[in-house]
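# Return atomic coordinates for the entry below.
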Amino acid sequence: MPFRIITFDGGTGTATYLRYLRALERDHPGFLARVDAFAGVSDGAVAALMLARYAPEARATEGLPAAIELADQLLHVMQPGLCGYARMLTGCKAALNVDTVHGLLAEAYGVDTTLRDLHAHVSAVAYRVRSPTGARLYDNYPGSPDLDLRLVDVAGRSGAFPALLPVEAGHVDGGMFAINPCAVALAHAASQQRDHQRTPDDVRMLSLGPNATDLGGRCVQAAFARDRTNWGWLPWFLHPTDPVLFFQMLFNADDGAASTMCRHLLGPSFLRVNVPGAHGVISGVAALMLRQASRVVQKAEQTAEAWRADPEDPRFHPPYAPTSAWVEKMWMGDG
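As a prediction, this is how the structure comes out:
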């Protein structure tokens, strides 16, 4: 039997990724009910935990709308107010009120809901800054030491972006380790497959993330089109058309690597869907700092509708038609 996994990259693009799933569920009823495991980083972990909270038969009708609502609400509470801007200017404390964020998560998940209570497997990525430093991968697979951890705490640690939110129990945003969790999800699944006599051939994985194939805008790409681009620190760190260019490059570097690894290991059983216009971590943070949450939500709705409305639109990678065909062939059957 196939073992089906959906993964969500970090960043504000989660609002769009969830609406992509809604489009696929409309044309392939039972698509979400077949998911065995979800994985996510930061905002993506918030969505993964929410979807896994619902039983398969309720995942499309109740879980997905709840996940979309939570993603939209989270964008709004992650916008700083006047006090937040003041804290940003002083630079001494995190910009956002963590109690507001945790209150929203507690209301959505339930205060005491734990990983043990979920109806699907989950992998959530955080980064441990307390010694020993390194990646912290939370999961609820059999035998995991994390089973009694609350969803509020796991989501809070995976999404604790430095300077925006306080360090949570020695952990910060999982994007510091891996913005694309598909390799983490595959590793967790593989560790369980040995016990269930499964092989990588049994895995089906749908990975959703931003379209990070073009670094910077047209102006930046025009400079990189030359045989040699002689840049010092100024254009890298303060480019007039993309002032976070260098950090975008750092955060997106592992994205393609993780997808490439899964693609080589899983072959046609792996599909990466790159969402145009979806913010990566850095550009997403910038959008929230500029209080553009409503615009991000509106864009998410428009992008998902456009993807499905024109199934062959080359602006999408891949367009809806081949994505839908992959779902029908690789996901909906039991072979």
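
# Please identify which helix or strand holds Ala47.
helix 43-52 (DSSP states H and E).

# Point out where the stretch 101-250 of the chain drops to low pLDDT.
Along the stretch 101-250 of the chain, segments meeting pLDDT under 70 span 193-198, 212-214.

# Strands along the protein, start to end?
Under the criterion DSSP state E, the chain carries strands at the ranges 3-8, 37-41, 121-128, 134-139, 171-173, 203-210, 270-275.

# re earlier: mean confidence for the helix holding Ala47?
The predicted model gives helix 43-52 an average pLDDT of 97.

# That helix packs against which elements?
If you count contacts as 3 or more Cβ pairs under 8 Å, 6 or more residues apart in numbering; DSSP states H and E, helix 43-52 packs onto strand 3-8, helix 14-27, strand 37-41, helix 64-77, helix 98-109, strand 121-128, helix 151-158. (C-beta placed from N, C-alpha, C; glycine too.)

# Mind listing residues that contact the last one?
When contacts are taken as Cβ atoms under 8 Å, 6 or more residues apart in numbering, the neighbours of helix 151-158 outside the stretch itself are 40-42, 45-46, 49, 53, 98, 101-102, 105-106, 109-111, 113-115, 118, 124-126, 136, 138, 146, 165, 168-169, 171-174.

# hmm, try it at 7 Å
41-42, 45-46, 49, 102, 105-106, 109, 111, 113-115, 124-126, 138, 168-169, 171, 173-174 (Cβ atoms under 7 Å, 6 or more residues apart in numbering).

# do the shortest one as well
With contact meaning Cβ under 7 Å, 6+ apart, strand 37-41 is reached by 5-10, 47-48, 51-52, 120-125, 158, 174-175, 178-179, 181, 184-185, 189.

# rerun that using 8 Å as the cut-off
Contact with strand 37-41 is made by 3-10, 14, 46-49, 51-52, 120-125, 158, 173-175, 178-182, 184-185, 188-189, as judged by Cβ under 8 Å, 6+ apart.

# Likewise for the fourth one?
With Cβ under 8 Å, 6+ apart as the contact definition, helix 64-77 has outside contacts at 12, 14-15, 18-19, 21-22, 25, 32, 43, 46-47, 50-51, 54, 96, 100-101, 104-105, 108, 288, 293-294, 296-297.

# Mind doing that once more with 6 Å?
By Cβ atoms under 6 Å, 6 or more residues apart in numbering, the residues outside helix 64-77 that reach it are 12, 14-15, 18, 22, 47, 50-51, 100-101, 104, 108, 293, 296-297.

# Which pair in those has the greatest spatial separation?
Arg22 and Thr100 (26.9 Å; Cβ to Cβ).

# quick one on the thing from earlier: if any of the contacts of helix 151-158 are buried, put those into a PyMOL selection.
Here is the PyMOL selection string for the buried members of the contacts of helix 151-158, based on 16 or more other Cβ atoms under 10 Å:
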select buried, resi 41+42+45+46+49+102+105+106+109+113+114+115+124+125+126+138+168+171+173+174
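
# quick revisit: hey, what's the angle from the helix holding Ala47 to strand 3-8? Just curious.
With axes from the mean of the first three to the mean of the last three Cα atoms, to 10 degrees as the basis, helix 43-52 and strand 3-8 are set at 140 degrees to each other.

# Now helix 43-52 - C-alpha only, CSV.
These are the backbone C-alpha positions of helix 43-52, laid out as CSV (Å, rounded to 0.1, in the frame of the first residue of the first chain):
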residue,chain,number,x,y,z
ASP,A,43,3.8,28.3,9.1
GLY,A,44,3.9,25.0,7.2
ALA,A,45,4.1,23.1,10.5
VAL,A,46,1.1,25.0,11.9
ALA,A,47,-0.9,23.8,8.8
ALA,A,48,0.4,20.2,9.0
LEU,A,49,-0.6,19.9,12.7
MET,A,50,-4.0,21.3,12.0
LEU,A,51,-4.8,18.9,9.1
ALA,A,52,-3.5,15.9,11.1
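
# Noted, bye for now.
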